[in-house]
Every structure is written in structure tokens, then in C-alpha cells.
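Colleague: model the structure of this input:
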Amino acid sequence: MIAVVQRCSRGEVRVEGRTVGALGSLGGLVVLVGVEVGDSADHARKLGEKIAKLRVFEDAEGKMNRSVQDAGGSVLLISQFTLAGECAGGNRPSFTRAARPETAEPLFDAVVAAVRAMGLEVATGRFRTEMEVDILNDGPVTLIMRVP
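Modeller: Take a look at the predicted model:
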């Protein structure tokens, strides 16, 4: 699994012009999640726990030492199969590494469940829809995570 984690003061996802998920008023993390061929429920659990525990919020000394939960934030998770795209061979990306939707959707849902199990407020986009994503990156802090 691959994820792009962004610390944000604002995040919202819309489908057909309607907001379907948003960060709470304190901001938090917007996470784009790509499920790849070979990923498992164990990968999903590990990614969810890693997202919840990731220390990217400043403490009193200005060091990134606090998790989203410590900061009182929430998490907006958005499925993004294009993260599995491969561009090394030419100018048109190949998505052969992306898991098929019938495999990817339950694994994405497992990431959502794992983050919620850590006690966090979680919003999501909608799987297999055209989504508009607005974020206001805070910092900016953007990290790429892979769960082997």
C-alpha cells in the first residue's frame, strides 16, 4: 500500500458538487491511499495504525512530536488508485500495479476501520467516483508512506 499523507488546516472532498467528507475545524491529515496488487488486510491495518501514530504536528518546542490525535485533529482518507501508476516506461502511466476495484475497496475500508479503531474521527471520499479534493496543506508537510 502506498499513501500520501498531508498535514492540513483544511481538507474537503466533493462528489458531483456536494461535500462527502471533510476535516474537522482543527484540521488534521488528508491521506490519499493507493492499494496495489498483493496488498492484504494486514497491510491495511499497519497503514491505518501508522497514519494514526505518525508524529507530524509540532509540540511546545516546535518539533514534530505529536500525532493527529495528540493535536485534536481528524483524518480525511481518499482512495487514489493513480498512486500505483508507473511512469518509468514512457509518457503514459501504467496502472498494472493498482489492485482491481473489487480487491481494493475492502482493503481501503480496512484502512478506514484501522484509523477509526485508534479513536480518530475519520471522513472519506467515495470509492470509484470522480472526486474534487481541496486541501490547504499546513507547513507544508507532505510524506509518502509505503507499507511492505
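
Colleague: which residues touch residue 7?
Modeller: By Cβ atoms under 8 Å, 6 or more residues apart in numbering, residue 7 lies in contact with 27-29, 56-57, 137-142. C-beta: built from backbone N, CA, C; applies to glycine.

Colleague: if you could redo that for residue 86, that was the one I meant.
Modeller: The neighbours of residue 86, taking Cβ under 8 Å, 6+ apart as the test, are 93-97.

Colleague: beta partners for it?
Modeller: Listed beta-bridge partners, residue 86: residue 94 (assigned using DSSP bridges).

Colleague: ok, it to residue 22 distance?
Modeller: The span separating residue 86 from residue 22 equals 31 Å under the rule Cβ to Cβ, to the nearest Å.

Colleague: what do you get for residue 111?
Modeller: Here the criterion is Cβ to Cβ. By it, residue 111 lies 18 Å from residue 22.

Colleague: follow-up on the earlier one: which one of the contacts of residue 86 has the most neighbours?
Modeller: Neighbour counts for the contacts of residue 86 were taken using other Cβ atoms under 10 Å; the highest belongs to residue 97, which has 16 neighbours.

Colleague: which phi and psi does it have?
Modeller: The phi/psi pair for residue 97 (degrees, to the nearest 10) reads phi -80, psi -10.

Colleague: hmm, residue 35 and it touching each other?
Modeller: No: checked against Cβ atoms under 8 Å, the pair residue 97 and residue 35 is beyond contact range at 9.9 Å.

Colleague: list residues touching both of these two?
Modeller: Taking Cβ under 8 Å, 6+ apart as the contact rule, residue 97 and residue 35 both touch residue 84.

Colleague: quick one: the strands in the protein, in order.
Modeller: In order along the chain, the chain carries the following strands (DSSP state E): 2-15, 18-22, 28-34, 57-58, 64-66, 74-79, 122-124, 132-146.

Colleague: dump those strands to JSON lines, plus mean pLDDT and distance to residue 40.
Modeller: JSON lines is the format used below for those (pLDDT from 0 to 100; distance: least, Cβ to Cβ, whole Å):
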{"stretch": "strand 2-15", "mean pLDDT": "97", "distance to residue 40": "14"}
{"stretch": "strand 18-22", "mean pLDDT": "97", "distance to residue 40": "25"}
{"stretch": "strand 28-34", "mean pLDDT": "98", "distance to residue 40": "14"}
{"stretch": "strand 57-58", "mean pLDDT": "96", "distance to residue 40": "29"}
{"stretch": "strand 64-66", "mean pLDDT": "97", "distance to residue 40": "30"}
{"stretch": "strand 74-79", "mean pLDDT": "98", "distance to residue 40": "17"}
{"stretch": "strand 122-124", "mean pLDDT": "98", "distance to residue 40": "20"}
{"stretch": "strand 132-146", "mean pLDDT": "93", "distance to residue 40": "14"}
